[in-house]
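Enquirer: Sequence and predicted structure below; questions after.
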Amino acid sequence: MKDYLKGLIQEEMNRGQSLKAMIPRPLKYSELEGLAVDCETKIEATLGLLQDIAGELEDRGDGDIRDLHRKLRQCHRYLALLESFGVTALYCGTPEIGYLTKLVYKVHQEINFPVSPPSVACISTEYYYYHAVTNVIFVPLTESDYLLHIPDLFHEMGHAVFDRREEPRLEQSNKAYLEILQTITQHYHTLLKQKRRETGPRMYPDLIRHLYQQWLNWIVEFFCDLFALYTLGPAYAWAHLHLSSKTSDDVYRLPFPEWEEHPSDEARMRMLRFGLEFQGFGTDAKAIEAKWNGMPFTHVSRPSRDYHYAYPDDLLKKVAGTVFEGLKRNRFNVVDAQRLSQLGEDSIVHLLNEAWDHFWQDPCSFRKWEQGQVGELKARLGVMDALHTPSNS
Ligand SMILES: [Zn+2]
């Protein structure tokens, strides 16, 4: 067993060295420097741990070495994680990765993002998501040719804020989160007390306890939605409508007794509409509501009888208001109607809102305009790759 572990340590050390060697130097895109240094530092630290395990193994007799095996497995898992969620993106270093990483870098300056911006890797197999260990946003391969779902990058940047909320620079965002936590707890505690007094079906206390547990997770997604809305504006709400239209099976989903990471798409949209009101985009909120209500997916399913327990208006409004104040206190550049109208032509926030205006003016001819804008933006950001779709599509 001891010899086997020695071999295993050697193999992991070799893998760590290979992984480090696969980080291309010099980097093609300087915006990936933060990710490269982070991966190198973490690989080095893991190699150091493996060295320590090897040293400890030498001093041990043939007795129990399960603790060393356990430490070795942790090192293996960590290297695998750095490989999948960090080094692969650096190794690929495609123009698409360069472009979207530069775009997020520019957005982080525009919105006054107070911590290091995430990198972007266009190698996702599951739409958009964020990985906290490497600070990388994953998106599908073709995203770099389009604009309508780029608002979702703002949602993923919200995850970066949420995950690092305990850093001093995000203190006010964290305070908003803690305030929401209190609001949710109070709301469901009161509801539970009330339901216990009533002589209704036994199921209600279970449902309410379940919804409270769900909310502890849903806070994260609602926070990220609101972060995107407040830093970007109506474009994010339109992108949510568009995504729901393409992917939602039931916009009124009420998970009970099963578990659901995301709140229902209808509740997310309602929260966004309340958020738009806080920002002073009341007209946009009404326009979005009208479009949403006209969509087939709002009619193919109906909310269940207990749906309102999960997503009551007053709770959604309170959460939207708390995040609005928290982000302003945290000095994020929160968008309102006046600020949006004053943004320059080179602003990404301006472009993404303009894209949605153009889309609704004429959805069928939008692609031509979009291609022109994406081409110009890529050139402006210094990534000169061609678009990947025929111009007559
Ligand atoms: Zn999310």
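Expert: The structure has been received and is ready for your questions.

Enquirer: Where do the domain boundaries of the protein fall?
Expert: With domains defined by automatic domain parsing, the chain comprises 1-92, 167-378.

Enquirer: Among those domains, which comes closest to the ion?
Expert: The closest of those to the ion is domain 167-378. By CB to the ion, the value is 4.7 Å. Yep, even glycine has a C-beta here, placed from its N, CA and C like the rest.

Enquirer: mean confidence score for the closest one?
Expert: Averaging pLDDT along domain 167-378 gives 95.

Enquirer: Now do that domain: distance to the chain's middle.
Expert: Offset of domain 167-378 from its chain centre (CA atoms, centre = their mean, to the nearest Å): 13 Å.

Enquirer: Tell me which of the domains of the chain sits most buried.
Expert: domain 167-378 (a mean of 17; mean count of other CB atoms under 10 Å).

Enquirer: That one: end-to-end distance?
Expert: Domain 167-378 has its terminal residues 33 Å apart, counting by CA to CA, to the nearest Å.

Enquirer: can you give me the strands in the protein?
Expert: Assigned by DSSP state E, the strands in the chain fall at 119-121, 129-131, 136-138.

Enquirer: Can you tell me the strand partners of the second one and which way each runs?
Expert: Here the strand partners of strand 129-131, with direction, are listed using DSSP bridges: strand 136-138 (antiparallel).

Enquirer: what's in contact with the strand it pairs with?
Expert: With contact meaning CB atoms under 8 Å, 6 or more residues apart in numbering, strand 136-138 is reached by 35, 85-86, 89, 104, 118-124, 126, 128-131, 153, 156-157, 160.

Enquirer: hmm, that strand in reach of the ion?
Expert: No - applying CB under 5 Å from the ion, one finds strand 136-138 separated from the ion by no less than 10.5 Å.

Enquirer: and that strand, how far out from the chain's middle?
Expert: Using CA atoms, centre = their mean, the offset of strand 136-138 from its chain centre is 8 Å.

Enquirer: when you give positions from now on, start the count at 20
Expert: Shifting the count to begin at 20 puts that one at strand 155-157.

Enquirer: mean confidence for that strand?
Expert: What strand 155-157 shows for mean pLDDT is 98.

Enquirer: Of the strands of the chain, which is nearest residue 335?
Expert: strand 148-150 (23.4 Å; CB to CB).

Enquirer: And the ion, is the closest one touching that?
Expert: No - taking CB under 5 Å from the ion as the criterion, strand 148-150 and the ion are apart, separated by no less than 7.2 Å.

Enquirer: hang on, the earlier thing: for the domains of the chain, give me TSV that also has distance to the ion.
Expert: Putting those into TSV (distance: least, CB to the ion, whole Å) gives the following:
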stretch	distance to the ion
domain 20-111	16
domain 186-397	5
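
Enquirer: Show me the one of those that comes nearest residue 132.
Expert: Nearest of these to residue 132, taken as CB to CB: domain 186-397 at 7.3 Å.

Enquirer: thinking again about what came up before, for the domains of the chain, which one sits closest to residue 154?
Expert: Judged by CB to CB, the one of the domains of the chain that comes nearest to residue 154 is domain 20-111, at 7.0 Å.

Enquirer: What is the end-to-end distance of that closest one?
Expert: One end of domain 20-111 sits 38 Å from the other (CA to CA).

Enquirer: Can you verify my assumption that residue 138 contacts residue 111?
Expert: No - Residue 138 is beyond contact range of residue 111, at 11.4 Å (criterion: CB atoms under 8 Å).

Enquirer: that older thread, out of the strands of the chain, which one sits most buried?
Expert: Counting by mean count of other CB under 10 Å, strand 138-140 has the highest mean neighbour count of the strands of the chain, with a mean of 28.

Enquirer: mean confidence for that one?
Expert: pLDDT averaged over strand 138-140 gives 97.

Enquirer: Tell me the strands beside that strand, with direction?
Expert: When pairing is defined by DSSP bridges, strand 138-140 lines up against strand 155-157 (parallel).

Enquirer: Chain neighbours aside, what residue packs nearest to residue 307?
Expert: Nearest non-adjacent residue to residue 307, counting by CB to CB, 6 or more residues apart in numbering: residue 256, 5.2 Å away.

Enquirer: er, residue 112 I mean
Expert: Once flanking residues are discounted, residue 112 sits nearest to residue 47: 5.0 Å by CB to CB, 6+ apart.

Enquirer: ok, now residue 61?
Expert: Nearest non-adjacent residue to residue 61, counting by CB to CB, 6+ apart: residue 101, 5.7 Å away.

Enquirer: quick one, what contacts the one you found?
Expert: 38, 58, 61, 62, 65, 152, 153 are the contacts of residue 101 under CB under 8 Å, 6+ apart.
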